[in-house]
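Participant: would you be able to build a 3D model of this:
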Amino acid sequence: MTSRSFRSTTVARGLLAGLLAALLIGACADPNASSTASKASNQRVSDGSSGQTSVPDQPMSELDWSDCNVGRDTECATLQVPLDWEEPTGPKIGLALVRVLATGDRIGSLIGNPGGPGGSGLEFLGSDPFSEQLTRRFDTVSWDPRGVGKSTPVTCSDSVPDLLALDPDPDDSSEQAALDQAGETVSQECADSDLSLLEHISTVDVAKDLEAIRVALGDEPLNFLGFSYGTQIGQAYADLYPTKIRSMVLDGVVDPSLGFTEFLLGQTAAFDASFEENVSRCSEAGRDECGVRDLGEAYDQVHSLVEVAPMGSGDGELGPGELATAAIMTAYYEDGWQDLGPALAAGLEGDGSELRALADQYYDFGGYTAYAGVVCTDTPPPDSPAAYRRFADEARKVSPRFGGSVANELLPCATWPVEAAATAKAVTAPGAPPILVVGNTRDPATPYDNAVTVSESLESGVLVTAEISGHTAYGTNQCVTEIVDDYLINLAVPQVDPRCT
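Facilitator: The predicted structure follows:
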């Protein structure tokens, strides 16, 4: 489970917006489906006991690759898999795959996932995220996970913009009531839609899809590089199929032993720390370079302005929620203050357009329900609006600036129509080969402690620490990139934590 844990750039900061905007999904609700307002029972398998036999050793369908306009030298195909892995002969859904063939002496396929939940693997691979060393030795492959992009997408609510436009820190009971109602409206619209896909988009479902992809590619065993939420997919796969792995790298790590509220509270603290780091960098650079004298003070002043009256109008309106999202967006990369400072300076003059543009880079409303569909059901959230309000209050204590925004972005989880599939648990993956676990010490989205904990929980976990800011390290830190490449190609495992800088 992850919130606001979208994959940052692996090559250049210019790719950040496309990869952070992980929610890029079209509509697929069946208007003829029966509806229900009650929570649907979710009977997904959440341990490895039956998972080992639920995916056949033969391809579910043949892959018919053809050229596609996703990126340089890309080919695309569709793999048919069961909607419900516990009913393999039942209805099928299509998974959109993309690959780039190896340019040299081929080892096999390397499958990558950019995170999310909701990140498009097609867009990810089209951005050339891997080094030349890897693309020479591997067919690089990715996919749009079920519910995302071109893989039988899911959306079930048109009211998400109304929710995210509200002040995440209500000043009175009427504002709180409006926020609660907006969250319930989103979840009710999803309850009134076709629930069949929403009931089957958990991380465990996606991990079984990953095994089906491996089988269809004809690879034995798996090579996988997962970023952010992709690390949760990787751990779920390792839990189910530990002996079917050749190499696995987890970069920007989600800790599956953390429950819904624990994870978000830790993430809230990390966002707050990253913002304070941006404040310090702005102060060191000075007003001429940063745009404002004090980034924190400027943020608070703009917040006071938009609380009274939003700036702009329509789709360009900037309110407290969009302002918080803009600041969180810039926390993902080390020089985010260079974008946030000038935008806040414009906001102090009454122009919120630059701040709104930063917020708009963060996500696309169309994919919210696929994102929430995973996060709300991987582990149990607070199960009522009242319980969720208590959680949001706790988040505000962790970060008065951002706690309400991080928490209330997922307010529909309190009344989500599909029950959680499983409870939080650590993954040990006995029998798996060495798994590299990469963590940035100042990661704003997946705190470094996650990487430490996961590396210790996995029986074969190997910690690679990057003493840097930003979300994920591969492709942005040369030391980490070289270690990961050497491991994936040669299976070379660091004997001690390299502490990359």
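
Participant: okay, CA-based contacts and neighbour counts for the rest of this
Facilitator: Noted.

Participant: and Ser5, what's its pLDDT?
Facilitator: Listed pLDDT for Ser5 reads 35.

Participant: please apply the same query to Pro56.
Facilitator: Looking at Pro56, its pLDDT is 75.

Participant: over to Gly439: give its phi and psi.
Facilitator: In terms of degrees, to the nearest 10, the main-chain angles of Gly439 are phi -140, psi 130.

Participant: what bridges to it?
Facilitator: Thr465 (DSSP bridges).

Participant: make residue 1 into 55 and carry on from there
Facilitator: That works, and once the first residue is 55, the last one we named lands at Gly493.

Participant: neighbours of it, just the number please.
Facilitator: 30 (other CA atoms under 10 Å).

Participant: also Gln549?
Facilitator: 8.

Participant: now swap in Ser511 and tell me
Facilitator: So Ser511, with other CA under 10 Å, has 16 neighbours.

Participant: do the same with Glu536
Facilitator: Neighbours of Glu536 (other CA under 10 Å): 15.

Participant: please, where are all the strands along the protein?
Facilitator: In the chain, the strands defined using DSSP state E lie at 120-121, 129-136, 146-154, 162-167, 192-198, 276-281, 299-305, 489-496, 515-523.

Participant: now those in a markdown table, with mean pLDDT?
Facilitator: Shown next, in a markdown table, are those (pLDDT from 0 to 100):
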| stretch | mean pLDDT |
| --- | --- |
| strand 120-121 | 96 |
| strand 129-136 | 97 |
| strand 146-154 | 97 |
| strand 162-167 | 98 |
| strand 192-198 | 98 |
| strand 276-281 | 98 |
| strand 299-305 | 99 |
| strand 489-496 | 98 |
| strand 515-523 | 97 |
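
Participant: now the closest residue to Asp223 other than its chain neighbours: how far from Ala474?
Facilitator: Of all residues not flanking Asp223 in the chain, Gly458 sits nearest, at 5.5 Å (CA to CA, 6 or more residues apart in numbering). According to CA to CA, to the nearest Å, Gly458 stands 23 Å off from Ala474.

Participant: again with Asp293
Facilitator: 18 Å.

Participant: again, but for Tyr386
Facilitator: Counting by CA to CA - Tyr386 and Ala474 are separated by 29 Å.

Participant: do Thr431 as well
Facilitator: Distance from Thr431 to Ala474, by CA to CA: 4 Å.

Participant: what do you get for Pro434?
Facilitator: 5 Å.

Participant: burial of Thr297, as a residue count?
Facilitator: Counted with other CA under 10 Å, Thr297 comes out at 15.

Participant: that one and Ala483: what is the separation?
Facilitator: 9 Å.

Participant: ok, back up a step: check what pLDDT the residue nearest to Asp223 gets.
Facilitator: pLDDT at Gly458 comes out at 98.

Participant: do Tyr425 as well
Facilitator: Reported pLDDT for Tyr425: 89.

Participant: doesn't Pro171 make contact with it?
Facilitator: Yes - the criterion here is CA atoms under 8 Å, and Tyr425 meets it with Pro171 at 5.1 Å.

Participant: which one's more surrounded, these two?
Facilitator: Pro171 (34 against 28).

Participant: for the more buried one, give me phi and psi.
Facilitator: phi -60, psi 140.

Participant: ok, it to Ser511 distance?
Facilitator: 23 Å.

Participant: OK, contacts around Val333?
Facilitator: 348-350, 391 (CA atoms under 8 Å, 6 or more residues apart in numbering).

Participant: nope, Ser328 is what I meant
Facilitator: Here Ser328 is in contact with 385, 496-498, 523 (CA under 8 Å, 6+ apart).

Participant: identify the farthest-apart pair in those.
Facilitator: Ala385 and Arg496 (10.1 Å; CA to CA).

Participant: more neighbours, the two?
Facilitator: Ala385 (28 against 23).

Participant: thinking again about what came up before, pick out whichever of Pro434 and Ala474 has more residues nearby.
Facilitator: More crowded of Pro434 and Ala474, by other CA under 10 Å: Ala474, with 25 against 19.

Participant: give the contact list for the more buried one.
Facilitator: 96, 430-435.

Participant: nearest to Asp342, of those residues?
Facilitator: Cys430 (43.9 Å).

Participant: so who does the closest one touch?
Facilitator: Cys430 neighbours (CA under 8 Å, 6+ apart): 464, 467, 470, 474.

Participant: where's it relative to Tyr291, distance?
Facilitator: 20 Å.

Participant: Ser523 touches Pro501, doesn't it?
Facilitator: No - judged on CA under 8 Å, Ser523 makes no contact with Pro501 at a distance of 10.7 Å.

Participant: now flag whichever of the contacts of Val333 is closest to Trp119.
Facilitator: Relative to Trp119, the closest of the contacts of Val333 is Trp391; by CA to CA it sits at 43.3 Å.

Participant: tell me the predicted confidence for Asp248.
Facilitator: 82.

Participant: again, but for Glu274
Facilitator: 86.

Participant: over to Thr63?
Facilitator: 31.

Participant: alpha carbons only: can I get stretch 525-541 in PDB?
Facilitator: What follows is stretch 525-541, C-alpha atoms only, in PDB (Å, rounded to 0.1, in the frame of the first residue of the first chain):
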ATOM      1  CA  HIS A 525      12.300   9.500  -4.300                       C
ATOM      2  CA  THR A 526      14.200   6.400  -5.600                       C
ATOM      3  CA  ALA A 527      17.900   6.300  -6.600                       C
ATOM      4  CA  TYR A 528      18.400   4.200  -9.700                       C
ATOM      5  CA  GLY A 529      19.200   6.400 -12.700                       C
ATOM      6  CA  THR A 530      19.800   9.400 -10.500                       C
ATOM      7  CA  ASN A 531      22.700   8.200  -8.400                       C
ATOM      8  CA  GLN A 532      25.700   6.800 -10.300                       C
ATOM      9  CA  CYS A 533      26.800   4.600  -7.400                       C
ATOM     10  CA  VAL A 534      23.400   2.900  -7.000                       C
ATOM     11  CA  THR A 535      23.000   2.600 -10.700                       C
ATOM     12  CA  GLU A 536      26.300   0.800 -11.100                       C
ATOM     13  CA  ILE A 537      25.600  -1.600  -8.200                       C
ATOM     14  CA  VAL A 538      22.200  -2.400  -9.500                       C
ATOM     15  CA  ASP A 539      23.400  -3.000 -13.100                       C
ATOM     16  CA  ASP A 540      26.200  -5.200 -11.900                       C
ATOM     17  CA  TYR A 541      23.800  -7.200  -9.800                       C
END
